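*Asks:* Next comes the sequence, and after it the predicted model I'd like to discuss.
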Amino acid sequence: MRRVSLTAAIAFAGIALFSAQAGPPTRVFHVAVASDRDAASPGFAVRQGRTAGVEDRAPQVESIRQAELRADLFFLASDAMRGRLTDTPENALTAEWIKARFERLGLGPAGAGRTYFHPFSLMTTTLGASNTFALNAGASAPLTFKAMQDFYPQRFSSSGRVKGPVVFAGYGISAPAQGHDDYRSGTFAGRIVLVLDHEPGEHDPNSALDDLETSEGSGALRKALAAQAKGATAILFVADVHNHPGSDNFDFAARTVWPDPPPRIPRYALGRLMEQVRIPAVHISTASASRLVSHSGRTLDELARAADAAGGLGALSIGEPEVEVLTTVTRRVVPSRNVLATIEGSDPALKDEWIVICAHYDHEGADGMRIFNGADDDGSGTVGVLEIAEAYALAAREGRRPRRSVLFAAWNAEEVGLLGAWAYADQPLVRRDRIVAVLNMDMIGRNEEVRSAGDPRFLGLSVQTAESNRNAVNIVGATRSADMKAAVERANAGVGLELKFRYDSSESNLMRRSDHWPFLQHGIPAIWFFTGLHPDYHTPDDRPERINYDKMERVVRLVYQTSWDLAQRAERPRFAPRPGRP
């Protein structure tokens with residue numbers, strides 16, 4: 001799950017790949033015989049179909065067993081895989097291993113050109129030496145500002161020199177579908193746009209912009225693209241001082257964006273999106289912005305408060321001061337890939353519609369001898385996808401295919417911005433209107449545990465014990481589709497987990513921190529199965545021996561049953577563009 005925020009490996013992975021390709025999947029131990037441990041486990045009677053009729057159960061659900069989940073996860077989250085960081089040899093080996101497993105199961109390739117891979121590009125940037133920002137002071141000499149003290153280019157900025165008048169555009173958000181558009185009136189073509197950070201009503205649970213969640217349109221890159229689409233020649237960002245008074249520690253912010261030395265984990269963006277940004281994008285200090293608006297008759301604070309106008313501000317003149325901006329940012333393309341496989345549906349009328357079952361296979365790598373194994377995050381979801389894929393493959397050999405087709409997806413680059421999922425959601429290999437539902441698994445192997453409300457990793461979450469969540473799984477995203485919520489509840493009748501629907505609007509921003517989020521932004525019903533944060537989250541202690549495999553088996557069976565039901569039903573789940581609204 002995203003943070004708000006080799007030799008041995010080759011040998012080890014080579015052995016695993018060889019064994020994965022050695023022959024057909026003759027896993028005779030998948031015969032549905034209950035072990036003593038099964039019979040003693042919580043919810044066993046429910047899982048065996050004594051609540052729901054046997055005819056309602058997904059075929060081969062018993063093939064999803066904790067022994068196989070455990071074996072796969074002990075490899076995937078081993079020290080030899082060194083945390084599977086994006087753009088490392090271990091990450092590439094992980095993709096090959098998943099591909100080999102899909103191929104061995106006899107699943108069809110779903111990537112471009114009939115491969116199992118879906119390639120996409122990431123991009124990183126470095127700051128060049130020539131970056132300037134100056135305000136034309138009329139008859140006097142231009143007022144020049146100092147890079148990294150008064151301004152800095154955004155990481156996604158293009159390189160270029162621009163000179164022109166500045167107009168204020170509130171928060172710079174263009175989200176008409178949510179009832180907010182800061183470009184709804186006025187002229188922006190040929191002008192440089194000054195906008196605020198963040199969004200209006202960011203602490204308002206009834207905000208039109210995704211309630212307490214940070215809306216997608218409030219991201220700086222999205223704002224730059226919105227300004228560019230309106231004809232702006234450059235965009236300037238400044239802190240929303242009325243919402244975050246005293247937060248303009250500009251030197252610290254500049255060093256955070258452009259650290260020296262560079263961070264262990266590079267700052268990536270989706271290459272396709274960054275390539276679209278053709279204008280300079282610069283963040284300026286509040287002191288610089290105050291000088292910029294000084295002839296408008298309003299202070300920066302007053303302008304910021306005006307930007308909270310319902311529906312968006314539109315262009316607001318600040319006297320059209322003229323500035324000159326020069327940015328130099330070097331971009332580097334980094335190839336990446338998702339791993340995709342499919343099983344074709346059996347219904348002639350429905351097989352061109354898709355259920356997506358997904359997880360992300362990357363994690364945070366290693367820092368010297370400290371390995372961030374990422375067993376729960378998200379080795380657990382990745383091996384869950386493999387087990388569900390096998391259940392579908394075994395059922396197909398019995399002549400029981402789902403009516404709709406199913407896409408099995410292992411996304412890459414989640415930890416650096418959900419970038420693999422965004423790459424597919426933005427440009428899917430099937431028609432987007434034929435994606436019926438997305439079921440995402442991310443961190444499904446532990447019990448949620450929050451020991452201290454002061455830990456920034458758990459912002460907005462209440463203190464709770466692992467014992468209180470021993471049978472619980474969070475379902476995130478259900479407010480966007482009552483039909484999806486009902487589907488999970490129906491499937492759970494044969495599993496017996498405690499379903500919790502509590503994180504769709506939270507200061508923790510959990511709603512947008514995993515791979516279901518890009519699909520929701522495209523109007524596709526999508527939910528995230530998530531057993532919760534815990535003290536080992538994003539630490540070297542997230543290891544496979546700490547996983548609750550009995551519970552994990554039950555969660556994976558729940559996802560499989562939900563996917564099967566959605567694939568079989570004639571009706572498609574409906575999407576609610578606003579939480580809880582049809």
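*Replies:* Received it, and whenever you're ready, just let me know what you need.

*Asks:* Now do stretch 533-549: everything it contacts.
*Replies:* 1, 3, 66, 69-70, 73-74, 77-78, 364, 370-377, 379-380, 443, 445-451, 457-458, 461, 466 (Cβ atoms under 8 Å, 6 or more residues apart in numbering). All C-beta spots, glycine's among them, are computed from the backbone N, C-alpha and C.

*Asks:* Quote the end-to-end distance of that stretch.
*Replies:* One end of stretch 533-549 sits 16 Å from the other (Cα to Cα, to the nearest Å).

*Asks:* List the buried residues in that stretch.
*Replies:* 533-538, 540, 542-544, 547-549 (16 or more other Cβ atoms under 10 Å).

*Asks:* For that stretch, give the mean pLDDT please.
*Replies:* Stretch 533-549 shows a mean pLDDT of 98.

*Asks:* got it, and stretch 481-492?
*Replies:* Across stretch 481-492, the per-residue pLDDT values average to 98.

*Asks:* Dump it to CSV, keeping only the CA atoms.
*Replies:* C-alpha atoms of stretch 481-492 as CSV (Å, rounded to 0.1, in the frame of the first residue of the first chain):
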residue,chain,number,x,y,z
SER,A,481,-21.4,1.5,-5.5
ALA,A,482,-24.1,0.1,-3.3
ASP,A,483,-24.2,-2.9,-5.7
MET,A,484,-20.6,-3.7,-4.9
LYS,A,485,-21.2,-3.5,-1.2
ALA,A,486,-24.1,-5.9,-1.6
ALA,A,487,-22.0,-8.3,-3.6
VAL,A,488,-19.4,-8.5,-0.9
GLU,A,489,-22.0,-9.0,1.8
ARG,A,490,-23.6,-11.8,-0.2
ALA,A,491,-20.3,-13.6,-0.8
ASN,A,492,-19.3,-13.2,2.9
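
*Asks:* So what touches it?
*Replies:* So stretch 481-492 is in contact with 437, 475, 477-478, 499, 501, 525-527, 558, 561-562, 565-566, 569, 571-576, 582, going by Cβ under 8 Å, 6+ apart.

*Asks:* swap in stretch 459-475?
*Replies:* 4, 42-43, 212, 444, 446-453, 485, 488, 496-503, 506-509, 527-534, 551, 555, 558.

*Asks:* can you tell me the distance between the two ends of it?
*Replies:* End-to-end span of stretch 459-475 (Cα to Cα): 19 Å.

*Asks:* May I see the buried residues of it?
*Replies:* 461, 464, 466, 469, 472, 473, 474, 475.

*Asks:* same check, this time on stretch 68-75
*Replies:* So, applying 16+ other Cβ under 10 Å, buried residues of stretch 68-75: 68, 69, 70, 72, 73, 74, 75.

*Asks:* so how far is that stretch from its chain's centroid?
*Replies:* 24 Å (Cα atoms, centre = their mean, to the nearest Å).

*Asks:* What are the contacting residues of that stretch?
*Replies:* Defining contact as Cβ under 8 Å, 6+ apart, one finds that stretch 68-75 is touched by 12, 16, 27, 81, 97, 375, 379-380, 383-384, 386-387, 390, 445, 544, 547, 549, 552-553, 556.

*Asks:* out of those, which are inside helices?
*Replies:* 12, 16, 97, 380, 383-384, 386-387, 390, 549, 552-553, 556 (DSSP state H).

*Asks:* quick one: which of the residues you listed is nearest to residue 347?
*Replies:* residue 390 (22.2 Å; Cβ to Cβ).

*Asks:* List the contacts of the residue lying closest to that closest one once chain neighbours are set aside.
*Replies:* The spatially closest residue to residue 390, leaving aside those adjacent along the chain, is residue 105, at 5.7 Å (Cβ to Cβ, 6 or more residues apart in numbering). With contacts defined as Cβ under 8 Å, 6+ apart, the neighbours of residue 105 are 25, 341, 389, 390, 393.

*Asks:* could you measure the third one against residue 547, distance?
*Replies:* Relative to residue 547, residue 389 is positioned 20 Å away (Cβ to Cβ, to the nearest Å).

*Asks:* Can you name the next helix or strand after the host helix or strand of residue 340?
*Replies:* Assigned by DSSP states H and E, residue 340 belongs to strand 329-343. Using DSSP H and E, the helix or strand that follows strand 329-343 in sequence is strand 354-360.

*Asks:* and the next helix or strand after that following strand, what other elements does it pack with?
*Replies:* Downstream of strand 354-360, the next assigned helix or strand under DSSP H and E is strand 366-367. For strand 366-367, not one helix or strand is in contact under the criterion 3 or more Cβ pairs under 8 Å, 6 or more residues apart in numbering; DSSP states H and E.

*Asks:* Just the contacts of stretch 481-492: which are in helices?
*Replies:* Going by DSSP H, the helices hold 558, 561, 562, 565, 566 from these.

*Asks:* thinking again about what came up before, using TSV, lay out the buried residues of stretch 68-75 together with pLDDT.
*Replies:* Converted to TSV, the buried residues of stretch 68-75 look like this (pLDDT from 0 to 100):
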residue	pLDDT
68	98
69	98
70	98
72	98
73	98
74	98
75	98
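
*Asks:* hang on, residue 210 is in a helix, isn't it?
*Replies:* No - Residue 210 is assigned coil when assessed by DSSP: H, G, I helix; E, B strand; the rest coil, not a helix.

*Asks:* Please report how far it lies from residue 239.
*Replies:* Applying Cβ to Cβ, the value for residue 210 to residue 239 is 21 Å.

*Asks:* what comes up buried for the strand holding residue 340?
*Replies:* Quick answer for strand 329-343 (16+ other Cβ under 10 Å): 329, 331, 336, 337, 338, 339, 340, 341, 342, 343.
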